[in-house]
Every structure is written in C-alpha cells, then in structure tokens.
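>>> Sharing a model prediction with you, sequence too.
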Amino acid sequence: MKPRTPLTVLVVDDEQRSLETLRRTLEEDFTVLTASSAEEGEAIMAREFVHIVLSDQRMPGMQGVEFLRRVRSLWPDTVRLILSGYTDAEDIIAGINQAGIWQYLLKPWHPEQLLLTLKSAADLWRLQQDNQRLSLELRDSPEQLVQRVASRRGKVRARSGFDRLARAADSPLCEICELAQRIAGHELSVLVTGESGTGKELLARAIHNASERAERPFVVENCGALPDTLLEAELFGHKRGAFTGAHEDRIGLFQQADGGTLFLDEIGDTSPAFQVKLLRALQEGEVRPVGSPRTVPVDVRIIAATNRDLEADVASGRFRRDLYYRIAGIGLHMPSLRERPQDIPLIVGGLFKESALAGRRFSDAAMKALLAYGWPGNVRELQNEVMRALALSDSDVLELAALSAGVRGARLRGEAQAPTYDPAGATLKELLDQVEAQVIVAALGRHKGNKTRVAEELGLTRVGLRMKLARLGLDEGSP
C-alpha cells in the first residue's frame, strides 16, 4: 500500500522556543511551516497550500482567534486549531463561533497527545475532501453513491464493533462484551465504569453499532472538559446573543445525535447544578437551547461513562440519585489492563497491523517487560508505548531497549510491579498464567477470600473464578 503524502501544518507562535519545539514534535509526520505572527502566517498561506493551522492565541498584533477567523473566510477547508496557556471562556466561545476552531488545546501540552490530535485533524481534512468528492458524484450517479456510502458505513461499523476490543478467550473482557451485545438492541441507558484508558468509548461505539440506531449518529462529549455554561450550550445548543460570544445560532449535541446515541464521557465530573438540567432533558425527552423560549424534542440513547465510583458519590450527595438511576439502566465495568494481562499480546499485534507493520514483533524479553509492567494508564498507555517503540527501532524485532525506562524497570520498582516473580526463562504461556495468578491472589487478599466480590471485581462469574483457581493450581481455601 502506497504511504500517504504528509499533510502541511502551519504553526503560528510569537515565542521562538515554543515554535521550534512544536516544529520538532511534528516534523516526522507532517510538512511543517512556521510563522512568528498572524500576519506572517497569512502571507505564508497566500503562497503555500496549508491543510492544518495550529495557532497560539495571545500574540502581538493580530490575536489567534481573529487570525483563524480570517483563515476560515479565505481558506475554509483548512482545519483550524488554537493553542493557549489561558482558559478564558470568552476566547473559547469566540474561537468556536467565529473561527470555527476544531480543537482548543491548552499549554503546557504533551508531545504524544499533541501529535495524536494533529493526526486526527489530518484525518478530518481527508474526510472533508472525501465528502466533497462524494457530493459531486451524487449529482451524476446517485444509485452508485448510495451503494458506496452503504458499503463505507458497513466498513466503519465493522471497525467499531466488539471485535475491536482485543481479548483472549479467557479474558474477563469477554463476559463484558457478551453482556453488551445482549443489551445492545434494547433501549436501555448504559453506564460504563472503569479507569481512564480502558476502552470505555470503544465499548460504547460497539454497542451503538450493534443496535437499531447504527445508521444514525454516534456523538461524543467529554463532560469534564468544559465548565457548566459551555457544557450546557454544547449539549443543548444556544441562540444568537444568548451570552457573550454567541454570534450565531448553534445546534446542540442532543439534536445532532437525534435518532442515534449520545456518549457522555466523564459524567461523574459534572456539577450538581448541571445534573438537574441534564436530568430534566432525559426525563422529558426534550432540550431547551440557551436563550430560547421553546423546547426541542429529541430521541437519543444515552451511554455514559466515568472513572469515578458513582455509587459512592450518590451516597455522599455529590451525584444526584435520580440522575444515577436514569443513566444506569445497566452497568458495565471495563477491567483494567493489569486485570487482563493475557490480552496484551493481542492488543500489541493489533497495533502492529494498524500501523501497516504487521511483520514486526517484540522480542521475548521486551514482551515479558510489557507483561510485567502495571500499566496505570491502561490500553491508552500501552498504545503510546508501542508507537514509541516502533518509532525508535528500525529492525523487525523490537528489543527491550526500544521500550521506555519505566517499562524496562518494572521488575525493579517494588509495589509498582504487577507480578513479583522473575520471568526470566518462562514461556509466554507460563508468564501469562503467573501474572493472572498474581492478580487473582491480590484480589482474594483485598476481599478477604470473598469469591463473590473477587469475581465481580475481575468481571467473572463464580464458576469462571473457580475454573481459573483450579487451572492455576491455587488453593481455593487460601485468602
């Protein structure tokens, strides 16, 4: 498969050191142009074809939002992002409304996260071009286009189905996916819990694509990323003039998801005041855009997610009990990666295939280090580690040296080390069994031998837990 031609990114920042750091971070994946002012950036765009613009907000002369507003007017296809060390709500609102900013990034930024965001922006630009081509084809051959769109939708659903959640035959994730598949076709609200990075959004997408709403939108909102006022406007929409910076009417995400699914991530981070408004929208099946005297009926399925213990928050009064029961029609708990180490080789293999490097692999020593590490960031951290190793090694076999120091030194860090044994000389099967035994023994200790609670924590049935205890040679009577 012929590699894609890298897209061009224009970075605008008045601080030279920041400009140079951004250039070094992006230049391996993009053609990077730099400008130290908005005026210089506009001059570059007048003579170069730029796909993505990443601009600082506060600069001498023209500010970032004003610059991107001009970019939107002159080069509307360019994907626009802003980078700022300030969280002024008016700047954010103006950026969204006037400049059509796709992402508002905050300083200090993390290189890997920034790179992932820019890669997503590149995907967005390519999708926009595909959409324009499809629109032109629709004029000439609507039947053929309908077939093509249906085919693409099918491929998207296949890529976002339960198979996307890589898991071994004995993984605790199997039972979660089986339950999710059974309830996907029912109009139940779903609450997905689990640590950050465990794949809660992937599970939500799989549920949507297995439901009768699959042909309708799947819309995502991170409830913990915005203050109440902006979150309300984002979800419910707003009318022009409703607040400072509201220069035009805006349709909220509830309306955008009408007929489909709305995924509310980090719902546990919302304030009690906002929870009241959200509860009313869910109970009544209608939303009132900010500044509007009228309500708008909506038909959405809610899938919510949180890394918090919502039951404890309900008990303490931090989270409304009535809202909890409204969103938790059924609860699904995503196990952490350290609770399913047998899935790590499969996840790694899937990442190699996605990067078009299916012929590469980790050495036995490197794989053992991956299995021994505790992965506090879960699958997201593992993905970053694999991408880092691929970038640092040119050989087909990735050795231990390609891994970060934290992962290489997992066995030397005491409590941070998930297994406490020395894996030297063990086969991969033996290593997985040892890691699994460590996880189960630790859970038995935490719950004082209560196997019902251990099974619930690990996402197993009591029968499944007994089978694992027998297979691993663990004494059922031991704590």
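Arrived safely.

>>> hey, let's count contacts and neighbours off CA atoms from now on
OK.

>>> centre of the chain versus the longest helix along the chain, how much separation?
Longest helix in the chain by number of residues (criterion: DSSP state H): helix 111-140. In terms of C-alpha atoms, centre = their mean, to the nearest Å, the centre of helix 111-140 is found 18 Å from the chain centre.

>>> Mind giving me the packing neighbours of that helix?
helix 16-26, strand 52-56, strand 79-84, helix 142-159 (3 or more C-alpha pairs under 8 Å, 6 or more residues apart in numbering; DSSP states H and E).

>>> for whatever helix or strand comes next after the last one, which positions count as buried?
Same thing as helix 142-159. Of the helices and strands lying after helix 142-159 in sequence (DSSP states H and E), the nearest is helix 172-184. Residues of helix 172-184 classed as buried by neighbour count (16 or more other C-alpha atoms under 10 Å): 172, 173, 174, 176, 177, 180, 181, 183, 184.

>>> Show me what the following helix or strand past helix 172-184 is in contact with.
Using DSSP H and E, the next helix or strand after helix 172-184 towards the C-terminus is strand 190-193. Strand 190-193 has contacts (C-alpha atoms under 8 Å, 6 or more residues apart in numbering) with 200, 204, 302-308, 327-334.

>>> rewinding a little: what residues of the longest helix of the chain count as buried?
Using 16+ other C-alpha under 10 Å as the burial criterion, the residues of helix 111-140 that qualify are 115, 118, 119, 121, 122, 124, 125, 134.

>>> just curious, which of these is nearest to residue 194?
Distance to residue 194 across the buried residues of helix 111-140 (C-alpha to C-alpha) is lowest for residue 115, with 25.5 Å.

>>> what's the distance between that closest one and residue 82?
14 Å (C-alpha to C-alpha, to the nearest Å).

>>> and stretch 389-403, what's its mean pLDDT?
When pLDDT is averaged over stretch 389-403, the result is 85.

>>> again, but for stretch 363-380
Here the average pLDDT along stretch 363-380 is 89.

>>> next one: stretch 291-310
Per-residue pLDDT values across stretch 291-310 average out to 92.

>>> What of stretch 472-479?
The pLDDT scores in stretch 472-479 average 54.

>>> for stretch 333-351, same thing?
Stretch 333-351 comes out at a mean pLDDT of 91.

>>> Check the gap between residue 385 and residue 304 for me.
28 Å.

>>> what about the two, which has more around it?
Per other C-alpha atoms under 10 Å, whichever of residue 385 and residue 304 has more neighbours is residue 304, with 27 against 18.

>>> contacting residues around the helix or strand where the more buried one lies?
Using DSSP H and E, residue 304 falls within strand 301-306. Applying C-alpha under 8 Å, 6+ apart, the external contacts of strand 301-306 come out as 187-195, 200-201, 204, 259-268, 327.

>>> Could I get the buried residue list for the very next helix or strand once past it?
Next helix or strand after strand 301-306 toward the C-terminus (DSSP H and E): helix 310-316. For helix 310-316, burial by neighbour count (16+ other C-alpha under 10 Å) applies to residue 310.

>>> thinking again about what came up before, what about burial for the contacts of strand 190-193, which qualify?
Of these, these count as buried by 16+ other C-alpha under 10 Å: 200, 204, 302-308, 327-328, 330-334.

>>> Distance of residue 163 relative to residue 207?
Distance of residue 163 to residue 207, given as C-alpha to C-alpha: 12 Å.

>>> Show me which of the two is the more surrounded one.
Neighbours per residue (other C-alpha under 10 Å) separate residue 163 from residue 207, with residue 207 holding more: 26 against 11.

>>> on that earlier part again, any idea how far the strand holding residue 304 is from the chain center?
Using C-alpha atoms, centre = their mean, the offset of strand 301-306 from its chain centre is 14 Å.

>>> Each with direction, which strands does that strand pair with?
strand 190-193 (parallel), strand 261-265 (parallel) (DSSP bridges).
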